[in-house]
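1. Sequence and predicted structure below; questions after.
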Amino acid sequence: MSDILVSEQSKPGADGSGRPSGRLLEVEDLRVEFRTRDGVAKVINGVTYHVDAGETLAVLGESGSGKSVTAQTVMGILDTPPGFVTGGQVRFHGKDMLTMSAEERRRIRGEGIAMIFQDALSALNPVFTVGFQIAEQFRIRRGLSRADAKKRAIEMLDQVKIPNAKGRFSNYPHQFSGGMRQRAMIAMSLALDPEVLIADEPTTALDVTVQAQIMDLLAELQRERQMGLILITHDLGVVADVADRIAVMYAGRIVEEANVYDLYAKPAHPYTMGLIDSIPRMDERGQQLRTIKGLPPNLMNIPPGCPFNPRCPMAQPVCQEKLPPLLQIGADRASACHFAEDLVNRD
Amino acid sequence: MTENILEVRDLVKHYPVTRGVVFKKTIGHVKAVDGVSLELRAGETLGVVGESGCGKSTLARVLMNLERPTAGSVNYKGQDISKLSGGALRRLRRQIQLVMQDPYTSLNPRMTVGDLIGEPFEIHPEVAPKGSRREKVKELLDLVGLNPEHINRYPHQFSGGQRQRIGIARALALRPEIIVCDEPVSALDVSIQAQVMNLLEKLQAEFGLSYVFIAHDLSVVRHLSDRVAVMYLGKIVEIGTEDEIYERPTHPYTQALLSAVPVPDPTLRDQKAIIRLTGDVPSPISPPSGCRFRTRCWKAQDVCAEQVPLLEIRSGSDHPSACHFAEKREIVASHEA
């Protein structure tokens, strides 16, 4: 790496040595609201997380928890209106993306940060061939000739293990099966060799056997390229298999962050505990499933204090009054519960 | 052994594939369900699992007589329901009800909850005379854990989990003996999914219902089912008790399917030997000859292409398995609780 680059912009070394002070991607105290006819929905209320090279951060949450909106804000594809960023920063190599020009931001998209979506059929353009959509990036961003771009696109299809990549180049998205389409989208997102990949529910629409194939592929590509991977999902099973760290979201906040082993062994937030208890496990035949009572809050009217308090089995009077901040407990974990210490220290 | 309340014999449902507009020509058939036999016992839950396109939803529609089978029979207490029509069919429909997957599209947005749940009484007035209907609907709402005061609300005023409860209340209205649940919880969030699953269990215990529980989520099916049938490309490849299927699967497809399910426990990450299936499910228009799974199977031999393996008990299997080489294999994630 030459010394032309300012130190804060230098890439973190893939070998782990000489890691620069700055993180690869950081989201800090992000706030987003949706202004609609019916009122203002506070969708993101101070989200902070980061991901480094070669690391997998899983963002876990149920529908409406704000996990996808956070990702859309990071990518700069939030629909405005109705969505408005009302505070916070999204730093890539230390530089705030929310304040940079549209031109600068466009340069980061694809090369710096890329994203894959849940529904590959609607994410791909149905009137262009899959090959064209991948090759297009090489032509526009890399200035390659038509023939060279095609060659590179076929290489990409090959890398994501699409059989007969050459023949598949000129197929349209509808000619691909669900799993193949997801592979094609991965090929497209990785074409410009991004440093961070955001995968928003990449396997939710797929069958288990295909899901296993796609998760394998993602893990392999991440290892090879030392990408930072943000995996957005609601599936606690998938997370347990691939994540390094997990951030659990509820009502637009991170309520717990921990490494994957700690989180499953000893959740430090009652919501995480409830989630883990309410999934049926295939390797155990349980009796009654424990459930989290009630419903997630209406984002136009989030309850005062801890947003989880109306559903929390451990709620105390303080929970209705004071919003618990996300506080560090122990070495590398944090929880936004007034009683986090008690939860972690229980036997 | 309890009596069989529903017996399905050699059920076949083919959909024609046509070409041309004026001179329509049938060029093939989608073999959605292709020779399925099973029985449902009184008071039990029979799980049906399989990936998309394996025919499990078509099976549900044929069981409900929403579609006439191409061949085969569905016997309810000795009566072949696929041959019934008119009044006889209407009377029978009281006994078999359906809960659908998508609580957003399966409820008419212009009808109030009271009308939605009360509608079955219009068709079967003998169950509830006109005057008592609102009371009945309120009872049903209470039964499924909704506030009876909300009888005049519209579906959009409810969350997904609550809508699914409305769907369940509607299915219960006529006090059926059998409820066919087609992916009833797959559209719901985990915390809500558990609530609905517990509700289904509670109702079964209370009314002695028999469930046919169709789902792609193997963990959900295990949690609720007494017996499980695994489907692949329109056929049942293995059927047995919940324990036989999950602890001692003998069909390679079942084994692969089970091994691919992610277990929510990171400490098991490296202990799991996952069988990776390659490729996708073949087209049901022209399924492979012989065993339909052979194109993705690691055990496939010549015989698999020539002979269709029957669903029967073999030397390597203590329950019916449709594989020439059925045998146990240590694959499922370790079992310490």
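-> On my side now, so go ahead. Since the structure is predicted, the reported quantities are computational estimates derived from the model, not experimental observations. Residues are numbered from 1 along each chain as shown, chains lettered A, B, ... in the order given.
2. Only C-alpha atoms from now on, for both contacts and neighbour counts.
-> Noted.
3. could you point out the longest helix in the chain?
-> Using chain A here. The longest helix of chain A (DSSP state H) is helix A:208-225.
4. not quite, I wanted chain B
-> Counting by DSSP H, the longest helix found in chain B is helix B:190-207.
5. Distance check, the spatially closest residue to residue A:303 that is not a sequence neighbour against chain B.
-> Of all residues not flanking residue A:303 in the chain, residue A:297 sits nearest, at 7.2 Å (Cα to Cα, 6 or more residues apart in numbering or on different chains). Residue A:297 sits 11 Å away from chain B, going by Cα to the nearest Cα, to the nearest Å.
6. Spell out the secondary structure type for residue A:297.
-> coil (DSSP: H, G, I helix; E, B strand; the rest coil).
7. Pull out the buried residues from stretch A:138-153.
-> Judged by neighbour count using 16 or more other Cα atoms under 10 Å in any protein chain shown, the buried positions of stretch A:138-153 are A:138, A:139, A:144, A:149, A:150, A:152, A:153.
8. what about that stretch, start to end distance?
-> Taking Cα to Cα, to the nearest Å as the measure, stretch A:138-153 stretches 8 Å from start to finish.
9. Contacts made by that stretch with the rest, please.
-> Here stretch A:138-153 makes contact (Cα atoms under 8 Å, 6 or more residues apart in numbering or on different chains) with A:131, A:132, A:134, A:135, A:136, A:169, A:191, A:192.
10. what about stretch A:156-176, distance to the chain center?
-> 26 Å (Cα atoms, centre = their mean, to the nearest Å).
11. Actually, stretch B:46-65.
-> On Cα atoms, centre = their mean, the centre of stretch B:46-65 falls 5 Å from the chain's centre.
12. go on, stretch A:253-272?
-> Worked out by Cα atoms, centre = their mean, stretch A:253-272 lies 17 Å from the chain centre.
13. Now do the buried residues in that stretch.
-> For stretch A:253-272, burial by neighbour count (16+ other Cα under 10 Å) applies to A:253-264, A:266-272.
14. Name the residue of the stretch 51-200 of chain A that lies nearest to chain B.
-> Relative to chain B, the nearest point of the stretch 51-200 of chain A is residue A:62 (5.9 Å; Cα to the nearest Cα).
15. and that residue, what does it touch?
-> Applying Cα under 8 Å, 6+ apart, the residues near residue A:62 are A:234, A:249, A:250, B:189, B:190.
16. mind redoing it with 7 Å?
-> A:234, B:189 (Cα atoms under 7 Å, 6 or more residues apart in numbering or on different chains).
17. The stretch 101-250 of chain B: strands as residue ranges?
-> B:178-182, B:210-215, B:227-232, B:235-241 (DSSP state E, counting those that start in this stretch).
18. contacting residues around the longest helix of chain A?
-> Contacts for helix A:208-225 (Cα under 7 Å, 6+ apart): A:54, A:160, A:179, A:203, B:257, B:260, B:261, B:277.
19. Pick out the most distant pair among the residues you listed.
-> Within the contacts of helix A:208-225, A:54 and B:257 form the most distant pair, 29.6 Å apart (Cα to Cα).
20. Which of those two has more residues huddled nearby?
-> A side-by-side neighbour count of residue A:54 and residue B:257, using other Cα atoms under 10 Å in any protein chain shown, places residue B:257 first with 25 against 22.
21. Check the secondary structure at the residue nearest to residue A:340 when sequence neighbours are not counted for me.
-> Closest residue to residue A:340 apart from its sequence neighbours, by Cα to Cα, 6+ apart: residue A:268 at 5.3 Å. Secondary structure, three-state DSSP: residue A:268 is coil.
22. For residue A:243, see how far away residue A:268 is.
-> Relative to residue A:243, residue A:268 is positioned 18 Å away (Cα to Cα).
23. now the nearest residue to residue B:73 once chain neighbours are set aside: how far from chain A?
-> For residue B:73, ignoring the flanking residues on the chain, the nearest one in space by Cα to Cα, 6+ apart is residue B:9 at 5.3 Å. Going from residue B:9 to chain A by Cα to the nearest Cα gives 28 Å.
24. secondary structure element for residue B:9?
-> Element membership of residue B:9, judged by DSSP states H and E, is strand B:4-19.
25. same for that strand, what does it pack against?
-> In terms of contacts (3 or more Cα pairs under 7 Å, 6 or more residues apart in numbering or on different chains; DSSP states H and E), strand B:4-19 is packed against strand B:25-41, strand B:71-76.
26. Next one: the residue nearest to residue A:303 relative to residue A:86, how far apart?
-> 21 Å.
27. With residue B:313 instead?
-> 65 Å.
28. So between the two, which is more surrounded?
-> residue B:313 (16 against 13).
29. just so I have it, where are all the helices in chain B?
-> Under DSSP H, chain B gives helices at B:56-63, B:86-93, B:113-123, B:133-143, B:160-172, B:190-207, B:218-224, B:242-247, B:252-260, B:302-306.
30. Let me fix that, I meant to ask about the stretch 201-347 of chain A.
-> Under the criterion DSSP state H, counting those that start in this stretch, the stretch 201-347 of chain A carries helices at the ranges A:208-225, A:236-242, A:260-265, A:270-277, A:317-321, A:340-345.
31. pLDDT on the last one, on average?
-> So the one you mean is helix A:340-345. The pLDDT scores in helix A:340-345 average 84.
32. Give me the buried positions along it.
-> Applying 16+ other Cα under 10 Å to helix A:340-345 flags A:340, A:343, A:344 as buried.
33. among the helices and strands packed on strand B:4-19, which is the most enclosed?
-> Comparing the helices and strands packed on strand B:4-19 by mean neighbour count (mean count of other Cα atoms under 10 Å in any protein chain shown), strand B:71-76 comes out on top with a mean of 20.
34. Format the CA atom coordinates belonging to that one as CSV.
-> Extracted in CSV, the C-alpha atoms of strand B:71-76 (Å, rounded to 0.1, in the frame of the first residue of the first chain):
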residue,chain,number,x,y,z
ALA,B,71,-56.9,-40.9,-9.7
GLY,B,72,-57.1,-42.5,-6.3
SER,B,73,-59.4,-42.0,-3.3
VAL,B,74,-59.7,-40.0,-0.1
ASN,B,75,-61.8,-41.9,2.4
TYR,B,76,-63.4,-40.1,5.3
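35. contacts for that strand?
-> Contacts of strand B:71-76 (Cα under 7 Å, 6+ apart): B:5-13, B:63, B:80-82.
36. re earlier: check the spacing between the residue nearest to residue B:73 and residue B:186 real quick.
-> 28 Å.
37. Repeat that for residue A:274.
-> Counting by Cα to Cα - residue A:274 and residue B:186 are separated by 19 Å.
38. Which of these two has more residues huddled nearby?
-> Set side by side, residue A:274 and residue B:186 show more neighbours around residue A:274, with 20 against 15, by other Cα under 10 Å.
39. residues from the stretch 201-347 of chain A in reach of chain B?
-> Remark: the part of the stretch 201-347 of chain A in contact with chain B comprises A:207-209, A:212, A:236-238, A:240-241, A:260-261, A:264, A:275, A:278-286, A:288-289, A:291-292, using Cα under 7 Å from any Cα of the partner chain.
40. In ChimeraX, how would I select just the buried ones from those?
-> Applying 16+ other Cα under 10 Å to those, the buried members can be selected in ChimeraX as follows:
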select /A:207,208,209,212,236,237,238,240,241,260,261,264,275,278,279,280,281,282,283,284,288,289,291,292
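41. still on that earlier bit, next, the angle from the strand holding residue B:9 to strand B:178-182.
-> For strand B:4-19 against strand B:178-182, the angle by axes from the mean of the first three to the mean of the last three Cα atoms, to 10 degrees is 40 degrees.
42. Paired strands for strand B:4-19, with orientation please.
-> With DSSP bridges as the test, strand B:4-19 is paired with strand B:25-41 (antiparallel), strand B:71-76 (antiparallel).
43. wait, which of the ones you listed is closest to residue B:281?
-> Comparing these by Cα to Cα, strand B:25-41 comes nearest, at 12.8 Å.
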